[in-house]
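Trainee: Need coordinates for the following:
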Amino acid sequence: MVARIDPASGPPAAVAAESRPTLPRELAAVVPRRIRAAGLVYGIVFAVMWGAQLLIGYASGGPYPHRFPWAPPEQVALLPRVYYYLPDVVFAAAVLLGVATVVTANRVRLTPTGAQKLSHGFLFLTSALIALAESWGPLPPFLNGISWLAAWLAVYPVLVPSPPRRALAWGVAAASTLPAAYGLSIAIFGAGAGAAVIAPRIIGCYAAVAAGFIAARTMYALGRQVESARELGAYTLLEKLGQGGMGEVWRAEHRLLARPAAVKIIRPDHRAGDHGDVLRRRFEREARATARLQSAHTIEIFDYGGLSDGTFYYVMELLDGIDLESLVQRFGPLPSARVAQIVIQACNSLEEAHEQGLLHRDVKPANLFLCRKGADVDFVKILDFGLVKALEAAPAAPAAPAAPARAQSPVPFATRLTADGMTSGTPAYMAPEAATGGKQIDGRADIYSLGCVAYYLLTGAPVFGGSPMKILLAHVNEPPASPSERTERPIDRGLEAVIMRCLSKRREGRPSSARELADALSSLQIEEPWTRDQAEAWWREHMPPRPASGSFTLAAVPGDSGLPSDVDLSATATADTRPMPSVPPATKPPPVAAAARPVGPRS
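Mentor: Alright, predicted model coming up:
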């Protein structure tokens, strides 16, 4: 039988309740650690107190005749010997309980519900042992101060968070162990001073429970506020992965499907003024443009939206792998066949973007991500369409007498989101026509940038170095050295020729499209191929698969080069790279077929 869910009413109550933790995530995450700490402190305190009692007793001529010094000697003499040993049993049980709790919290992977059950059981048992240790024996004529149990009941809800009602219920149960323990002592040893002595201590325990309930309720409310602030649409933010000029990237999870994702956020900054408005519009453009693309080699967008406070966000797949800039920095230049296969896959993404009239404008190693996708490895994803530009101009706005002159500007609408006086992209990977601020830019600018990426992968160095201005001038005026002149590593001559063609100063000298570049690379007969077995062995050795529990490899945060990607020529030559994890996305159309058979996608 299939249950039908009315979209208007939301999921069934049972499903919603099961998907919602009893504690806010921030508090639930610390419960196992706090239980471990509480067990350790509890065991140590009881061990010290037990040892101190034994030492004091032996120093006075033996522990047991002096166990109840306030009781009349004749009464003590009549007590069965087992009554003297019971406090030692209680102290030993308390130490063992502390040790067992620490071991359980360390070795057992506790769910939020399991952690709460362990916490409540620990509170009740520890309270019962404190009550027995405190009340056992003939009642003294008077008792000074509050009960040790009251102090424990007041501190525990602060130390180990719990939902307020459960904290109250278990606190009352734990406090009730003291009157029960006193009742047992009175039944065995006699009433003595009776209620006049023990009543204040019992009342103090219940007062401590009330104080603990207030503390638990306050912590719970604060935790809910934090959790509410971390909820965007259907997603809950779990961990910040990176932060840059354009906002933040978080690891997140769908609240009902438990699907991991990465969420990119731009928060309103009233200090930024018009500049901040440019950021927000560019951010929204990136989400819309990327969501239009269906290539398996383009980062997938699940959702995007905005909040009433001006916060804008979009949700994308979480990738398990490493960006190409970090790959070269950690492992050095790549072999020719592997570079060819990486570039072929990147061409698949760019081909679709160009066919839809979109330029990426910031193709660079940090924006190409090498990852796992299902059973495939060395799978390329292109990230960060934050500088994407429409190839065709938007229709001109109708003339208006009072409109400022720039309203009639022939510049395409998308390019107006770039700040005046700024060059879009990263200097080390920028085409000559983009470096000079030319308006006649097409997909061959991305081809040039991809050639710069392949050059970097082969040599471990960018095509040109120096200050940003020097790099831009070199892209415009200086012929690049061939990759084989920059490294002693063997480089396939055919691959080198294709890369140098991509780096032509004149657009007409480059491959006319991403498809043409992919076909040229696919036709190469590279002597030392990069096989699937080699790729899988490399990933097993250097980046083994992570457990399905959600522990992810950190690599570059996609799409957060920030406004400085519209490069201020006084800035550094390369943009920020930060770490980020990931998960394979839904199935998409297959990549460009290639004779060299890229390792990433299966044929």
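
Trainee: Which residue is the nearest non-sequential neighbour of residue 120?
Mentor: Distance criterion C-beta to C-beta, 6 or more residues apart in numbering; nearest residue to residue 120, sequence neighbours excluded, is residue 170 at 4.6 Å. Glycine gets a C-beta too; all of them are placed from N, C-alpha and C.

Trainee: just residue 495 next, same as before
Mentor: Distances taken as C-beta to C-beta, 6+ apart put residue 336 closest to residue 495, at 4.9 Å, once the chain neighbours are dropped.

Trainee: Same check on residue 453?
Mentor: Nearest one to residue 453, counting by C-beta to C-beta, 6+ apart, is residue 365 at 5.5 Å.

Trainee: Residue 152 now?
Mentor: Nearest residue to residue 152, sequence neighbours excluded (C-beta to C-beta, 6+ apart): residue 130, at 6.0 Å.

Trainee: for whichever strand or helix holds that neighbour, packing partners?
Mentor: Secondary structure assigned from DSSP states H and E places residue 130 in helix 112-135. Secondary-structure packing of helix 112-135 (3 or more C-beta pairs under 8 Å, 6 or more residues apart in numbering; DSSP states H and E): helix 25-59, helix 81-107, helix 148-159, helix 164-175, helix 177-189.

Trainee: could you give me the average pLDDT of the first one?
Mentor: Taken as a whole, helix 25-59 carries a mean pLDDT of 85.

Trainee: Go ahead and confirm residue 137 touches residue 189.
Mentor: Yes: contact criterion C-beta atoms under 8 Å: residue 137 and residue 189 qualify, at 6.3 Å.

Trainee: one step back: next, the buried residues of the helix holding residue 130.
Mentor: Neighbour counts over helix 112-135 (16 or more other C-beta atoms under 10 Å) mark 112, 115-116, 118-120, 122-135 as buried.

Trainee: same check, this time on stretch 448-467
Mentor: Buried residues in stretch 448-467 (16+ other C-beta under 10 Å): 448-460, 462-464.

Trainee: Over to stretch 532-544?
Mentor: 532, 534, 535, 538, 539, 543.

Trainee: Check the residues you listed against residue 31 and report the nearest one.
Mentor: The closest of the buried residues of stretch 532-544 to residue 31 turns out to be residue 543 (C-beta to C-beta; 32.0 Å).

Trainee: hang on, isn't the closest one packed against residue 319?
Mentor: No: if you go by C-beta under 8 Å, residue 543 and residue 319 don't touch, sitting 11.9 Å apart.

Trainee: could you pull out the strands for the protein?
Mentor: Listed in chain order, the strands of the chain (DSSP state E) span 231-232, 235-244, 247-254, 260-266, 301-306, 312-316, 321-323, 358-359, 368-373, 376-382, 389-390, 423-424, 566-567.

Trainee: Is it possible to get CSV of those that adds mean neighbour count, mean pLDDT and distance to residue 95?
Mentor: Formatted as CSV, the strands of the chain follow (neighbours: other C-beta atoms under 10 Å; pLDDT from 0 to 100; distance: least, C-beta to C-beta, whole Å):
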stretch, mean neighbour count, mean pLDDT, distance to residue 95
strand 231-232, 18, 66, 43
strand 235-244, 18, 78, 37
strand 247-254, 22, 82, 40
strand 260-266, 24, 84, 42
strand 301-306, 19, 80, 51
strand 312-316, 24, 83, 50
strand 321-323, 25, 92, 48
strand 358-359, 24, 86, 68
strand 368-373, 26, 93, 48
strand 376-382, 24, 94, 51
strand 389-390, 19, 60, 69
strand 423-424, 20, 58, 67
strand 566-567, 24, 40, 64
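
Trainee: Turn those strands into TSV, including distance to residue 480.
Mentor: Shown next, in TSV, are the strands of the chain (distance: least, C-beta to C-beta, whole Å):
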stretch	distance to residue 480
strand 231-232	44
strand 235-244	30
strand 247-254	33
strand 260-266	34
strand 301-306	35
strand 312-316	34
strand 321-323	23
strand 358-359	22
strand 368-373	20
strand 376-382	23
strand 389-390	25
strand 423-424	19
strand 566-567	20
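
Trainee: With respect to residue 516, which of those strands lies nearest?
Mentor: Of the strands of the chain, nearest to residue 516 by C-beta to C-beta is strand 358-359, at 16.6 Å.

Trainee: strands paired with the closest one, and their directions?
Mentor: When sheet partners are counted by DSSP bridges, strand 358-359 sits next to strand 389-390 (antiparallel).

Trainee: Could you tell me which of the buried residues of stretch 532-544 belong to helices?
Mentor: 532, 534, 535, 538, 539 (DSSP state H).

Trainee: Against residue 85, how distant is the last one?
Mentor: Taking C-beta to C-beta, to the nearest Å as the measure, residue 539 falls 62 Å from residue 85.

Trainee: cool, the second one as well?
Mentor: In this structure, residue 534 and residue 85 are separated by 70 Å, where distance is defined by C-beta to C-beta.

Trainee: start to end distance for stretch 462-474?
Mentor: 12 Å (C-alpha to C-alpha, to the nearest Å).
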